[in-house]
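Q: let's see this in three dimensions:
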Amino acid sequence: MTVQSDATVARPSASVPVEMSTLYQEGMLAGVLAAAAVAIWFLIVDVLQGRPLYTPTVLGTALFRHGAGLAATEPLTVSAEMVLMFTWVHGLLFAAVGGVAARLLGVVEQHPNVGFGILLLFVVLQAGFTVVAVLVAQPVLQALAWPAILVANLLAAATMGLYLWWRHPNLRVSP
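A: A predicted model of the protein is given here:
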């Protein structure tokens with residue numbers, strides 16, 4: 001019969017990599033928090049303009065109905081179906097993006113010298129999102145104000161980044 005004391009229990013050190021499932025969970029939570037920040041932002045914008053839930057209706061219509069009705073002269077009628085479907089897909093996509101971000105964070109924790117490259121990739125992807133939105137999503141941009149979309153995108157990135165930074169305060173990036 002052997003008694004195990006605290007001295008014989010292996011304790012993780014700072015150099016031990018974070019377990020992958022924990023990393024992905026953190027990333028998915030960061031993504032959901034970012035999606036919630038965007039949803040709250042657009043709810044505030046919509047309420048101030050006197051049309052609550054208009055933005056997810058427009059985006060849901062663009063996504064699920066291929067933009068049918070976006071070119072009409074009068075604004076779309078708010079649709080609970082479009083709001084719920086778009087919100088579900090939006091949350092799932094942000095959870096996936098958060099998972100990828102957390103995985104990249106795990107790489108940076110093991111290899112700080114690639115951190116700057118990943119940060120640069122993030123900046124390029126942000127710029128690419130803005131360019132693609134301007135070039136491809138004209139009907140959506142006519143229905144919604146592009147500065148609000150840009151602010152939402154930056155708000156999502158800041159929310160996700162701050163949450164992950166809070167969870168990994170010792171993260172270091174080397175140039």
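Q: average pLDDT across whichever helix or strand residue 43 is part of?
A: In this structure, residue 43 sits in helix 20-48 according to DSSP states H and E. Helix 20-48 carries an average pLDDT of 94.
Q: now for it, which elements pack on it?
A: helix 54-64, helix 80-110, helix 146-167 (3 or more C-beta pairs under 8 Å, 6 or more residues apart in numbering; DSSP states H and E). Bear in mind the C-beta positions are built from the backbone N, C-alpha and C, glycine included.
Q: the second one - contacts with which helices or strands?
A: Using 3+ C-beta pairs under 8 Å, 6+ apart as the contact criterion, the neighbours of helix 80-110 among helices and strands are helix 20-48, helix 54-64, helix 115-136, helix 146-167.
Q: and for the last one?
A: Using 3+ C-beta pairs under 8 Å, 6+ apart as the contact definition, the elements that helix 146-167 packs against are helix 20-48, helix 80-110, helix 115-136.
Q: mind putting the ones you listed in TSV, distance to residue 64 included?
A: Formatted as TSV, these follow (distance: least, C-beta to C-beta, whole Å):
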stretch	distance to residue 64
helix 20-48	17
helix 80-110	6
helix 115-136	17
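Q: residue 147: which of the ones you listed is closest?
A: helix 20-48 (9.9 Å; C-beta to C-beta).
Q: what's the angle between the closest one and helix 80-110?
A: Orientation check (axes from the mean of the first three to the mean of the last three C-alpha atoms, to 10 degrees): helix 20-48 against helix 80-110 gives 140 degrees.
Q: buried stuff in helix 20-48?
A: Going by neighbour count (16 or more other C-beta atoms under 10 Å), the buried part of helix 20-48 is 23-24, 26-39, 41-42, 45-46.
Q: stretch 92-99 too?
A: 94-95, 97-99.
Q: nearest to residue 126, of those residues?
A: Using C-beta to C-beta, the buried residues of stretch 92-99 come closest to residue 126 at residue 97, 11.8 Å.
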